[in-house]
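# next comes the sequence, and after it the predicted model I'd like to discuss.
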Amino acid sequence: MPQFADTVEHKRLDVTAWDDIYIIGDVHGCHDELNQLLSTLDVTDTDLVVFVGDLVRKGPDSKGVLEHVRHAENMFTIRGNNEEKLLRGEKSLPVLSSDDLSWIKSRPVGISWQDTLVVHGGVDPRKELSEHTTYELQTFRSLSSGYDRPFWWERYDGSDRIFFGHTPLAAPVYRECAIGLDTGCVYGNQLTAYDWRRDCFHSVTAEKTVQHRNESKWVHPDQSPPAAD
């Protein structure tokens, strides 16, 4: 079981009771695409859905996404850096109530089960997980700075396979120890889910580009992910 610092909220799941298990990348208020992806996956109440954070901000329907996840007993999410910005007062979403923000605040920073760990940003492979702050787990990306390689997942070789978002990817990251799922739906690319039991990806294409993103800010993984059956 992953050992976090005492100040980092963590939730451990028992997945034995669930049928299929899906992990979904940054939604950013793209509710229509989320509905389409869940329909494509044929998710039922006996399937588990885990989100890598950043359900809200930037897209057209943050309230709808939040309510969808909040009221589904089979859906769990962590706090991404965009949720944290709302809690710190750095950004605001008038459509969200104080009750919504309280629910966001109660979300963990990490979710784990078996040999699987879900965080929003990533981990620094140069130090122990217990040495990481909430901010690092929500935002860590490069061992250098910004979008300069090497990225953390290119050096990480821990025993837990880490699922993450935060970094907009032209395609999912697929490595033995790390899976990256933020394929930039809000920027006009795709919303992606990983099928944990079958080791494959499912994606839906964004209906429109809500925010433009410069090509220099897209990360192109050096490994191709497996296609869905």
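Arrived safely, thanks for sending. Residues are numbered from 1 along each chain as shown.
# so who does the residue nearest the centre of the chain touch?
In the chain, the residue lying closest to the centroid (C-alpha atoms, centre = their mean) is Val52, at 1.9 Å. Going by C-beta atoms under 8 Å, 6 or more residues apart in numbering, Val52 touches 23-26, 77-78, 80, 118-120, 163-166, 181-182. (C-beta placed from N, C-alpha, C; glycine too.)
# repeat that for 10 Å
23-27, 77-78, 80, 111, 118-121, 163-166, 179-182, 194 (C-beta atoms under 10 Å, 6 or more residues apart in numbering).
# same thing with Thr77?
With contact set as C-beta under 10 Å, 6+ apart, Thr77 has these partners: 11, 24, 27, 49-55, 65-66, 69-70, 83, 104, 107-108, 111, 118, 120.
# now list the buried members of those residues.
Neighbour counting by 16 or more other C-beta atoms under 10 Å classes 11, 24, 27, 49-55, 65-66, 69, 83, 104, 107-108, 111, 118, 120 among the contacts of Thr77 as buried.
# the residues you listed in strands, which ones?
Within these, residues falling in strands by DSSP state E are Lys11, Ile24, Val49, Val50, Phe51, Ile111, Val118.
# my guess is the first one contacts Arg79. True?
The one in question is Lys11. No - contact status for Lys11 versus Arg79: not in contact, 11.1 Å apart, counting by C-beta atoms under 10 Å.
# list the residues that contact both of the two?
Both Lys11 and Arg79 are contacted by Arg107, Pro108, Val109, Gly110, under the criterion C-beta under 10 Å, 6+ apart.
# relative to Glu83, how far out is the third one?
The span separating Val109 from Glu83 equals 10 Å under the rule C-beta to C-beta, to the nearest Å.
# find the residues that touch each one of the two.
Residues touching both Val109 and Glu83 by C-beta under 10 Å, 6+ apart: Gly53, His120, Gln138.
# can I get these in CSV including pLDDT?
Listed next are these as CSV, based on pLDDT from 0 to 100:
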residue, pLDDT
Gly53, 98
His120, 98
Gln138, 98
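# is Leu79 within a helix or a strand, and which one?
Actually, residue 79 is Arg. It isn't Leu. According to DSSP states H and E, Arg79 maps onto no helix or strand at all.
# for Ser102, that is, sorry about that
For Ser102, the host element (DSSP H and E) is helix 98-105.
# how about that helix: buried residues?
Within helix 98-105, the residues scored as buried using 16+ other C-beta under 10 Å are Asp100, Leu101, Ile104.
# which one of those is nearest Val15?
Set against Val15, the nearest of those by C-beta to C-beta is Ile104 (23.7 Å).
# OK, contacts around that closest one?
Residues near Ile104 by C-beta under 10 Å, 6+ apart: 55-56, 66, 70, 77, 79-80, 82-84, 86-87, 96.
# and for Thr139?
By C-beta under 10 Å, 6+ apart, the residues touching Thr139 are Gly80, Asn81, Glu84, His120, Gly121, Gly122, Thr133, His166, Thr167.
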